[in-house]
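sharing a sequence plus its predicted fold:
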Amino acid sequence: MINKATIDEILNGHQDEKAQESEDLTRRSFLWLGAGAIGAVYVGAIGYPVYKYLATPAQRSAEAGAVTETTLDGADALPVNSALMFKFGTKPAMLIHHEAGNFVAMEAVCTHLGCTVKFEPENKRIFCACHGGVYDAVSGVNVSGPPPKPLKTYKVEVQNGRIIVAKA
Amino acid sequence: MDASLSPKPEAKKTRIYHWLDERLGIEGMLVHAKEKTVPSHKHQFWYYWGGISLFFFVVQVLSGILLLVYYRPGAEAYESVRQITYDIQFGWLIRSAHSWSANLMVFAVFVHMFSVFFMKAYRRPREFGWWSGLGLLGLTMVFGFSGYLLPMDDLAYFATKVGLEIPASIPLVGTIVTDIVRGGEEITAVTTQRFFALHVVILPLLYLPFLAFHVWLVQKHGNALPPSEEEKPAAERRTIRFFPDFLAKDFGMWLLMLNVLAILASMYPWQLGPQADALASAPQGIHPEWYFMSQFQILKVFGRWFPGATGEFLGIALFTIGLILWSIIPFIDAESKNGKRAKLVNYIGLAALCGLIAVTIWGYWEL
């Protein structure tokens, strides 16, 4: 049977004297503690580089996602009643030019299960094809279907020749 | 132990143990493991090298899987290795460990083979151990050769170009086979794609059954005794238990090898040269990996002595005859009467070992 006693035999050799038992016990636990500590150092020394190696892309995308502002060159020429898909950090986002003339930008990720949503100019709404979620195209508020909350909206600043989208 | 005296975790452990034992038959395996012994004598050191080879193989599998996460064969091969080496955190270390461990594995396999040879461990009933071992050695070398190209830097490119001259010089079929392996007449992205498939799918599929067979044979027949031990009367021979005594020593050896690997991989990181360029001239002193150096050098020297196809033919003939002789050693030296040392075979083995080392050194000398 694999148990401590067997492995102790390797470490300590056979010791059957009863008088030595308590002394053995401390020596035994000391050796186990030492072996465990050394083992932990090895696990750490191998595990840390392996973790960092595998986590590099996750770390990079977290860094790339940490943007607060994106400039969309030429977006002010976007035709009325249409949408421009762009990336805000790492996430898909959409800029909509409404008939009233105003620009609205929001994250294009459905708050239900993360599908990318679509602006429907004919229905003047934002629709998610995955489970039929519907959002208001101006405010991003969830109107019907499964989405639990509104789409995240961004601040829009229209300049000559470009549009700056920033975190609200 | 009295149940009332035993602490609770102990009792719990026993219950789990019984649960598992009933389903998996652990007790039987452990009884078998405890009965297994390993001869204990002054040559015992050489028994570790099979285990060391296996250890490095496991390192290769694990570090190889990690490299697979970022490596892209084909046209992007160099760029992906550049990213692994310079961009991905600790990528250089993983790649360095894989390269160093590959070399250490080939070295360990050679030590294992020659120690088996001189211990006469190929004799009846262990012939299949010898043959499966030779198969594993061959596969290990193809692993090394195919892996060396994958970064597609200039060294990899030219070393592979030169290395493929060895199979290409096989009479009649050499060129056809080499063109198929290479995927054309030149080394291109197509070549890395095939070498990649070979390296990570085909070779492991071939290697693992050979390895299982090889290890099973060792379980079946146990460790061979060297002739000097066989001479002794049975009563004088000493053994130790495989489990846990020998395994603990094995484990210690693996730990030592892990440290050696860690030092080499971190202190001498494997380099990545400039990207392979078919139009660039070969860098000075281009040569294959050290374990192909002897074959390379023999071909080179024979080509010098016997110009034209004759030299290549004679070089290949020499390897082939040598390899056939090496494979049928169990028949040439089949006697395993106690104490029969078979001096002649020892001299042949010594000549083969010294010859390999000498030709390898000669090869490096001439670079």
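That came through, no problem. Bear in mind the structure is a predicted one, so any value in this text is a computation, not a measurement. Residues are numbered from 1 along each chain as shown, chains lettered A, B, ... in the order given.

what's the closest non-adjacent residue to residue B:367?
residue B:285 (4.1 Å; C-beta to C-beta, 6 or more residues apart in numbering or on different chains). Backbone N, C-alpha and C define where each C-beta goes, glycine included.

pretty sure residue A:123 sits in a helix.
No. Counting by DSSP: H, G, I helix; E, B strand; the rest coil, one finds residue A:123 to be coil, located in no helix.

could you report the pLDDT at it?
Looking at residue A:123, its pLDDT reads 91.

now for chain A, the helix or strand with the poorest mean pLDDT.
Least confident helix or strand, chain A: helix A:4-12 with a mean of 57, by mean pLDDT, DSSP states H and E.

distance from the chain centre to the helix or strand following that helix, please.
Going down the chain from helix A:4-12, the next helix or strand is helix A:21-65, by DSSP states H and E. In this view, helix A:21-65 has its centroid 25 Å away from the chain centroid, taken as C-alpha atoms, centre = their mean, to the nearest Å.

helix A:21-65 vs chain B: in contact?
Yes. Residues of helix A:21-65 are located near chain B by C-beta under 8 Å from any C-beta of the partner chain, namely A:42, A:45, A:49-50, A:52-56, A:59.

let me know the closest of those to residue B:344.
Proximity of the residues of helix A:21-65 next to chain B to residue B:344 (C-beta to C-beta) peaks at residue A:42, which lies at 47.2 Å.

so how far is residue A:158 from the closest one?
With distances taken as C-beta to C-beta, to the nearest Å, residue A:42 is found 59 Å from residue A:158.

which pair of the residues of helix A:21-65 next to chain B spans the longest distance?
Longest span within the residues of helix A:21-65 next to chain B, C-beta to C-beta: A:42 and A:59, 24.5 Å.

in the stretch 51-200 of chain B, which residue sits closest to chain A?
At 3.8 Å from chain A, residue B:90 is the closest residue in the stretch 51-200 of chain B, using C-beta to the nearest C-beta.

contacts only, for the spatially closest residue to that residue that is not a sequence neighbour.
Excluding the flanking residues, the one nearest residue B:90 by C-beta to C-beta, 6+ apart is residue A:49, at 3.8 Å. Contacts of residue A:49 were listed using C-beta atoms under 8 Å, 6 or more residues apart in numbering or on different chains, and they are B:89-90, B:93-94.

now do the domain split for chain A, please.
Domain ranges of chain A: A:4-65, A:69-167, per automatic domain parsing.

can you count the residues close to residue B:307?
9 (other C-beta atoms under 10 Å in any protein chain shown).

what's near enough to touch it?
Residue B:307 sits next to no residue when contact means C-beta under 8 Å, 6+ apart.

for it, helix, strand, or coil?
Under three-state DSSP, residue B:307 falls in the coil class.

which phi and psi does it have?
phi -60, psi 150 (degrees, to the nearest 10).

now do it, the pLDDT please.
Per-residue pLDDT puts residue B:307 at 83.

measure it to residue B:119 for me?
Distance, residue B:307 to residue B:119, using C-beta to C-beta: 43 Å.

and the stretch 51-200 of chain B, which residues reach chain A?
Contact residues, the stretch 51-200 of chain B versus chain A (C-beta under 8 Å from any C-beta): B:66, B:69, B:87-91, B:93-94.

any of those residues buried? List them.
Buried members of these, counted by 16 or more other C-beta atoms under 10 Å in any protein chain shown: B:66, B:88-91, B:93-94.

can you flag which of those residues belong to helices?
B:66, B:91, B:93-94 (DSSP state H).

turn the residues you listed into TSV, columns for pLDDT and distance to residue B:33.
Output for those, formatted as TSV (pLDDT from 0 to 100; distance: C-beta to C-beta, whole Å):
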residue	pLDDT	distance to residue B:33
B:66	98	32
B:91	97	40
B:93	97	36
B:94	98	34
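
and the domains of chain A, which is most packed in?
Stretch with highest mean neighbour count among the domains of chain A: domain A:69-167 (a mean of 16; mean count of other C-beta atoms under 10 Å in any protein chain shown).

ends of it, what's the gap?
Terminal residues of domain A:69-167 lie 6 Å apart, using C-alpha to C-alpha, to the nearest Å.

who in the stretch 201-350 of chain B is up against chain A?
B:244-245, B:248, B:258, B:262.

which one of those residues sits closest to residue B:29?
The closest of those to residue B:29 turns out to be residue B:244 (C-beta to C-beta; 13.7 Å).

neighbours around that closest one, how many?
For residue B:244, the count of nearby residues is 17 (other C-beta under 10 Å).

sec struct for it, please.
helix.

now swap in residue A:72 and tell me
strand.

tell me the pLDDT at it?
You'll see residue A:72 listed with a pLDDT of 94.

if I look at it, how far off is residue A:158?
Applying C-beta to C-beta, the value for residue A:72 to residue A:158 is 10 Å.

SS state for the residue nearest to residue A:131 when sequence neighbours are not counted?
Once flanking residues are discounted, residue A:131 sits nearest to residue A:146: 5.0 Å by C-beta to C-beta, 6+ apart. Secondary structure state of residue A:146, per three-state DSSP, is coil.

for residue A:146, phi and psi?
Dihedral pair for residue A:146: phi -70, psi -20, per degrees, to the nearest 10.

that one contacts residue A:112, correct?
Yes. Counting by C-beta atoms under 8 Å, residue A:146 does reach residue A:112; the two are 4.6 Å apart.

okay, and the common contacts of those two?
Common contacts of residue A:146 and residue A:112 (C-beta under 8 Å, 6+ apart): A:131, A:133.
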